[in-house]
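**Q** Predicted model and sequence follow; I will ask about them next.
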Amino acid sequence: MSKKSKAAKAARPSRVAGRKGPRRIKQNKTQIAPVRANGSGLAPGMQALNTYLAVANVGATMEFLERAFGFSRGVVLADTDGQPRYAEMRHEASVVMLIRKGDATTPTGGAAALYTYVEDVDRALAQARGAGAGVEEAEDKPWGDRIAVVTDPDGYRWVLATFKKLVPFG
């Protein structure tokens, strides 16, 4: 055996008896259609996966995120009394959506959710239902997205969304 082959053999990790190396997990080729790079299904300025938080006071949380972490404000929607009820806070390319706890328009039903843009919300909902997820039926929302809420086996809520139309705010 040459010096090179001895060195190569010594550099290899030892194998556990009966195993021929690390196992690869077989990947499932079926998946929910993600949003395409051209933006199909994705709302302008959003990422495919966004954090959605229900908070006690949207204005106070906005100020905290600005001061503590350097977030900047995106879309802010206020009630007739001028108090913010919804806000998009941005940190570089990431977005955290804030909604007032108990707001009738919140799709989360809890303190947090993962707002996930998909190409076709109805198809993604059917796939999640087939996998045994708890689901709330899809519906068009006043902010321009069609959404459905899915609960995974650990109780996390995923808001599946497809952008349908730009709604002017103001």
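**A** In hand now; what should we look at? Numbering: from 1, shown residues only.
**Q** Report the beta-bridge partner residues of L53.
**A** Applying DSSP bridges to L53 gives these bridge partners: L98, A112.
**Q** I figured it hits M97, correct?
**A** Yes: the pair L53 / M97 is scored as a contact, 7.1 Å apart, by Cβ atoms under 8 Å. The C-beta positions use only the backbone N, C-alpha and C, and glycine is treated the same way.
**Q** who's more crowded, these two?
**A** When neighbours are counted by other Cβ atoms under 10 Å, L53 and M97 differ, and M97 comes out ahead with 21 against 18.
**Q** Might you list the low-confidence residue ranges for this structure?
**A** Applying pLDDT under 70 to the chain flags the ranges 1-39, 104-110, 169-170.
**Q** now the residue nearest the centre of it, nearest residue through space, not along the chain?
**A** Taking Cα atoms, centre = their mean, the centroid of the chain lies closest to L49, which sits 2.8 Å from it. Here the nearest residue to L49 in space, its sequence neighbours aside, is T116; by Cβ to Cβ, 6 or more residues apart in numbering that works out to 5.3 Å.
**Q** name the element the one you found belongs to?
**A** strand 112-117 (DSSP states H and E).
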